[in-house]
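# Take this sequence and fold it.
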Amino acid sequence: MNLHTGNNIVNAVKVIRKTYENINKMMTACQGLADGSQTPYLMVTDAKRFLRYKSDRDLYGWLMSSFILLYQHNNNEIHGNKIFGMDVNLEEGWVEGKPAWGREDYEGKDSAVVCLAKYEYDDEERLSIPIENISPADHWKFYDPLYELNDAMDETEEQTQWGYIIRRTAKPGSELSKYMNIKSVIYTAIPLIDINADNINEMIFGTFDKLAEL
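Alright, predicted model coming up:
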């Protein structure tokens, strides 16, 4: 390893630290907005207890690349079986806010995104699991329905009047009890660099409002 390579490593770590610092600022700002007065959403997971995958057993757990925060709408009569999620996703495969996994023509054009989702659950099962008990290690319960579970969920891509969405619906007979018997998840993605202090309310909670209507 030469001096130039060593310097690149140090600079890369600096970029990671700065990125984490900015993500923390954004999540803290969301926490301040989601208090039930400025938005109709209440935060379930605070900025210090975001859901994440972290492990000492493999190298993928050393570097966090998905930061999930959860919210509930304050109108329980209409939205009591739904959870709204925000995933700050630094993984590859997103181009201009759309998934481009495996597309060679998009290679090298990846950009970090914020995925905003509406999870809908079976009413009876949803009410039997207090989401206040969800821990940071429960990351997989919300990450997998977004991006994994291909054998258990059907997926469609749609263009709405306001943007691009992905709709995933549990297949009949699928065993999803460990995922709180999720019925469906609808999500969209926004390039992380498009969100700033001036538009964060509109970008995050305004998008939740749009998803709530679907």
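# Mind jotting down where the strands sit in the chain?
Counting by DSSP state E, the chain has strands at residues 41-43, 66-73, 82-89, 94-95, 98-99, 113-121, 153-159, 164-170, 182-191.
# Next one: the residue lying closest to Phe205 once chain neighbours are set aside from Ala197, what distance?
Leaving aside its sequence neighbours, Phe205 sits nearest to Thr39 (C-beta to C-beta, 6 or more residues apart in numbering; 4.3 Å). Every residue, glycine included, has its C-beta placed from N, CA and C. To Ala197, Thr39 is 16 Å away according to C-beta to C-beta, to the nearest Å.
# Give me the more crowded residue out of these two.
Each of Thr39 and Ala197 has its neighbours counted (other C-beta atoms under 10 Å); Thr39 has more, 20 against 9.
# what bits of the chain have low per-residue confidence?
1-3, 36, 101-108, 124-132 (pLDDT under 70).
# Which residue ranges of it form helices?
For the chain, the helices defined by DSSP state H cover 3-33, 76-79, 123-127, 139-147, 200, 207-212.
# Which of those sits closest to Arg57?
For the helices of the chain, proximity to Arg57 was assessed by C-beta to C-beta; helix 139-147 is nearest, at 14.5 Å.
# What's the local residue count around Thr19?
14.
# mind listing what the residue nearest to it when sequence neighbours are not counted touches?
With sequence-adjacent residues excluded and distances taken as C-beta to C-beta, 6+ apart, Thr19 is closest to Leu90, at 7.2 Å. Shown in contact with Leu90 (C-beta atoms under 8 Å, 6 or more residues apart in numbering): Thr19, Ser65, Ser66, Ala112, Leu192.
# need the residues you listed in JSON lines with distance to Ala170, can you?
Output for these, formatted as JSON lines (distance: C-beta to C-beta, whole Å):
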{"residue": "Thr19", "distance to Ala170": "34"}
{"residue": "Ser65", "distance to Ala170": "26"}
{"residue": "Ser66", "distance to Ala170": "22"}
{"residue": "Ala112", "distance to Ala170": "28"}
{"residue": "Leu192", "distance to Ala170": "29"}
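# Any quick ChimeraX command for the buried ones out of the residues you listed?
A single ChimeraX command selects the buried members of those (16 or more other C-beta atoms under 10 Å):
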select :66,112,192
